[in-house]
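# kindly generate the corresponding structure for this input.
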Amino acid sequence: MALLVIWTVTMTLPTLLAEDAPHFLRAVGVLPLVAVFPALGMDWLLAQQPSRRWRMTLPIGLTTVTLLFALGSTAAAYFGDYAHADMTAYWFEDGAEALAGAVNGFLGDGWDGEQMRHGTLDKQDVYIDPALWEISSSVSFLVPPSPAVHTLPVGAAWPPIGNGPAVIFVWPYEDPQRVWPMLSAPAEIRIERGPLSQGDRDPEPFTTYRAFYVNPVETPPQAVARFQDGVHLVDHAMQRTPEGLRVELEWYATADLGKDYTVFVHYMRDGQRIGQDDAQPAEGHYPTRLWRAGDWVHDTHFIALEGAPDPARDQLYLGFYRPQDSQRLDLLDQAGNPAGTYFILPVIHEQNNE
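Next up is the predicted model:
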């Protein structure tokens with residue numbers, strides 16, 4: 001009996017005294033003897049039964065009930081709480097896997113998060129901030145060696161990318177101005193935020209990476225709406241989410257702007273504003289002062305809403321204003337004359353169940 005207690009206490013010390021959070025792998029030394037405790041309890045119960053019939057029925061009944069309870073509770077915990085917990089994704093390095101999958105998916109080679117791909121696409125390049133290789137060894141393990149994958153230099157200016165399609169993965173908590181000189185023009189620019197990660201020592205989750213996708217533009221897109229200073233709205237989409245409305249906008253610059261403008265997206269119902277999202281384009285990672293003639297910028301906005309949209313009553317007003325004085329850019333008509341200060345989009349009701 002003393003051996004059981006000493007063994008159990010001793011083999012739990014590696015996880016109790018560890019610097020990181022408790023971990024079952026460090027407590028694996030307990031397993032050889034931990035099953036003895038319920039066996040001793042069962043043996044004691046059997047010794048209390050004078051009847052031979054009860055000595056046979058009791059262990060079978062208790063074992064059956066225990067196993068059924070263990071099966072049900074384990075299945076509920078594993079496929080329920082555990083499968084949907086945010087920390088489960090962090091423990092299995094979901095952010096690092098997503099980074100490697102984004103690299104491989106762009107190049108068409110290796111595991112992209114859903115399937116294995118074979119064969120690198122021609123004339124596509126990936127540039128990776130060296131800080132991202134340090135997030136997890138899973139990144140370097142999952143990304144196959146390739147001349148198309150370039151590690152950006154440390155302590156020096158980052159070089160301009162080539163004229164072909166490219167993506168730049170950066171650590172999102174440093175100044176994004178290092179990326180701006182790298183971008184080619186004219187180009188379609190889309191900025192995506194990676195999933196969250198959290199290590200054992202991190203007090204809060206953090207964004208794993210920021211990706212700048214750059215694709216050369218050969219033919220200027222057709223304008224849906226034209227604003228002052230050469231800014232065109234060339235496409236738009238919206239989708240209902242559990243939190244509200246996701247609005248995707250695509251802007252095209254016909255001239256260098258050189259000024260900072262804020263994009264406003266106002267949700268209107270019967271002429272009254274019930275929601276809005278005002279922000280610099282691309283979550284502030286590609287401000288309008290940096291836009292060059294030929295830049296095609298993807299821009300995403302989220303508007304919190306209560307209840308479902310009403311297409312018969314709802315509209316979106318969108319446009320630009322200067323943050324220092326709230327002066328708006330004029331919307332232009334076909335002849336190039338001012339026609340207001342905002343463009344109106346109808347609200348659609350498309351549910352996103354993700």
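# could you pull out the buried residues of the host helix or strand of Val214?
Using DSSP states H and E, Val214 sits within strand 210-216. For strand 210-216, burial by neighbour count (16 or more other Cβ atoms under 10 Å) applies to Arg210, Ala211, Phe212, Tyr213, Val214, Asn215. C-beta coordinates here come from the backbone N, C-alpha and C atoms, glycine included.
# pull the most distant pair out of those residues.
For those, the farthest-apart pair by Cβ to Cβ is Arg210 and Asn215; their separation is 17.1 Å.
# how about the helices in this protein?
2-16, 31-34, 36-47, 52-76, 83-84, 86-91, 94-107, 130-133, 137-142 (DSSP state H).
# counting neighbours, what do you get for Ala77?
Ala77 has 11 neighbouring residues, counting by other Cβ atoms under 10 Å.
# what does the pLDDT read for it?
On pLDDT, Ala77 comes in at 93.
# returning to that earlier point: pick the most buried one from the helices of the chain.
Of all those, helix 94-107 carries the top mean neighbour count, a mean of 22, counting by mean count of other Cβ atoms under 10 Å.
# how is this protein divided into domains?
For the chain, automatic domain parsing gives the domain ranges 2-88, 91-216, 225-346.
# among the ones you listed, show the one with the smallest mean pLDDT.
Among those, domain 2-88 carries the lowest mean pLDDT (a mean of 83).
# if we can go back for a sec, format the helices of the chain as JSON lines; extra columns: distance to Asp235.
Below are the helices of the chain laid out as JSON lines (distance: least, Cβ to Cβ, whole Å):
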{"stretch": "helix 2-16", "distance to Asp235": "54"}
{"stretch": "helix 31-34", "distance to Asp235": "58"}
{"stretch": "helix 36-47", "distance to Asp235": "64"}
{"stretch": "helix 52-76", "distance to Asp235": "45"}
{"stretch": "helix 83-84", "distance to Asp235": "34"}
{"stretch": "helix 86-91", "distance to Asp235": "32"}
{"stretch": "helix 94-107", "distance to Asp235": "22"}
{"stretch": "helix 130-133", "distance to Asp235": "30"}
{"stretch": "helix 137-142", "distance to Asp235": "33"}
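# nearest to Ala253 among those helices would be which one?
helix 94-107 (24.7 Å).
# which residue ranges of the stretch 151-300 of the chain form strands?
All strands of the stretch 151-300 of the chain, identified by DSSP state E, counting those that start in this stretch, fall at 166-170, 187-193, 196-197, 206-207, 210-216, 225-227, 231-241, 244-253, 262-269, 272-279, 296-304.
# figure out how far the third one is from the centre of its chain.
For strand 196-197, the gap between its own C-alpha mean and the chain's C-alpha mean amounts to 7 Å (Cα atoms, centre = their mean, to the nearest Å).
# by contact count, what packs against that strand?
Strand 196-197 sits against helix 86-91, helix 94-107, strand 206-207, with contacts defined as 3 or more Cβ pairs under 8 Å, 6 or more residues apart in numbering; DSSP states H and E.
# of the ones you listed, which is nearest Val34?
Smallest distance to Val34 across those (Cβ to Cβ): 22.7 Å, for helix 86-91.
# list the helices and strands that closest one packs on?
Where contact means 3+ Cβ pairs under 8 Å, 6+ apart, helix 86-91 is packed against strand 196-197.
# contacts for the strand it packs on, please.
Strand 196-197 is contacted from outside by Asp86, Ala89, Tyr90, Glu93, Asp94, Gly95, Ala96, Ile135, Pro205, Phe206, Thr207, Thr208, using Cβ atoms under 8 Å, 6 or more residues apart in numbering.
# redo the helices and strands packed on strand 196-197 as JSON lines? Include distance to Arg190.
Shown next, in JSON lines, are the helices and strands packed on strand 196-197 (distance: least, Cβ to Cβ, whole Å):
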{"stretch": "helix 86-91", "distance to Arg190": "24"}
{"stretch": "helix 94-107", "distance to Arg190": "12"}
{"stretch": "strand 206-207", "distance to Arg190": "17"}
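# which among these is found nearest to Tyr342?
Closest among these, once you apply Cβ to Cβ, is strand 206-207, at 31.4 Å.
# if we can go back for a sec, between the helices of the chain, which one is nearest to Gly164?
Here helix 94-107 is closest among the helices of the chain (Cβ to Cβ), at 11.8 Å.
# off-centre distance for that closest one?
The chain centroid and the centroid of helix 94-107 are separated by 11 Å under Cα atoms, centre = their mean.
# now stretch 78-88
Centroid separation for stretch 78-88 versus its chain: 18 Å, with Cα atoms, centre = their mean.
# what's the answer for stretch 317-329, then?
Taking Cα atoms, centre = their mean, one finds the center of stretch 317-329 at 30 Å from the center of the full chain.
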